[in-house]
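J.: Predicted model and sequence below, questions to follow.
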Amino acid sequence: MLSNKWYNILKYVALVALPLIATFWVTIGEIWGLPLVPQIAGTITAIDALLGGLLGVSSHVYNKKLEGK
């Protein structure tokens with residue numbers, strides 16, 4: 001299980017940073033004709049989905065522990 005500090009950092013990364021980076025890459029990539037725009041944005045989004053799922057599991061385990069107390 002994650003500490004509160006790491007959970008909050010990873011939650012920020014999953015909810016704000018990675019979607020922001022993916023959106024930025026798609027926008028700038030299309031404007032400037034950068035290579036592999038859909039592949040890179042898709043990879044960032046897949047990492048974000050995985051991180052979100054892992055954080056959801058961590059949150060679920062934490063809440064179950066609180067219910068047991």
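T.: The structure has been received and is ready for your questions. Fair warning: this is a prediction, and the values are worked out from it, not measured in the lab.
J.: list the contacts for the residue nearest the centre of the chain?
T.: Per C-alpha atoms, centre = their mean, the C-alpha nearest to the average position across the chain is that of residue 14, at 2.5 Å. Counting by C-beta atoms under 8 Å, 6 or more residues apart in numbering, residue 14 makes contact with 48, 51, 52, 55. C-betas here are computed from N, CA, C, even on glycine.
J.: Specify the local secondary structure of the third one.
T.: The reference is to residue 52. helix (DSSP: H, G, I helix; E, B strand; the rest coil).
J.: In contact with it, which residues are there?
T.: If you count contacts by C-beta under 8 Å, 6+ apart, residue 52 has them with 14, 15.
J.: Quick check, pLDDT for it.
T.: As predicted, residue 52 sits at a pLDDT of 96.
J.: do you know how far it is from residue 36?
T.: The gap separating residue 52 from residue 36 is 23 Å, by C-beta to C-beta, to the nearest Å.
J.: from memory residue 26 sits against residue 44, does it?
T.: No. Assessed by C-beta atoms under 8 Å, residue 26 is found out of contact with residue 44, at 9.4 Å.
J.: what packs against the helix or strand where residue 27 lies?
T.: According to DSSP states H and E, residue 27 maps onto helix 18-32. For helix 18-32, the elements it packs on are helix 37-68, judged by 3 or more C-beta pairs under 8 Å, 6 or more residues apart in numbering; DSSP states H and E.
J.: quick one, the helix it packs on and helix 18-32 angle?
T.: Helix 37-68 and helix 18-32 are oriented at 170 degrees to each other (axes from the mean of the first three to the mean of the last three C-alpha atoms, to 10 degrees).
J.: Quick one: neighbours of the residue nearest to residue 10 when sequence neighbours are not counted, just the number.
T.: With sequence-adjacent residues excluded and distances taken as C-beta to C-beta, 6 or more residues apart in numbering, residue 10 is closest to residue 55, at 5.9 Å. Residues lying near residue 55 (other C-beta atoms under 10 Å) number 17.
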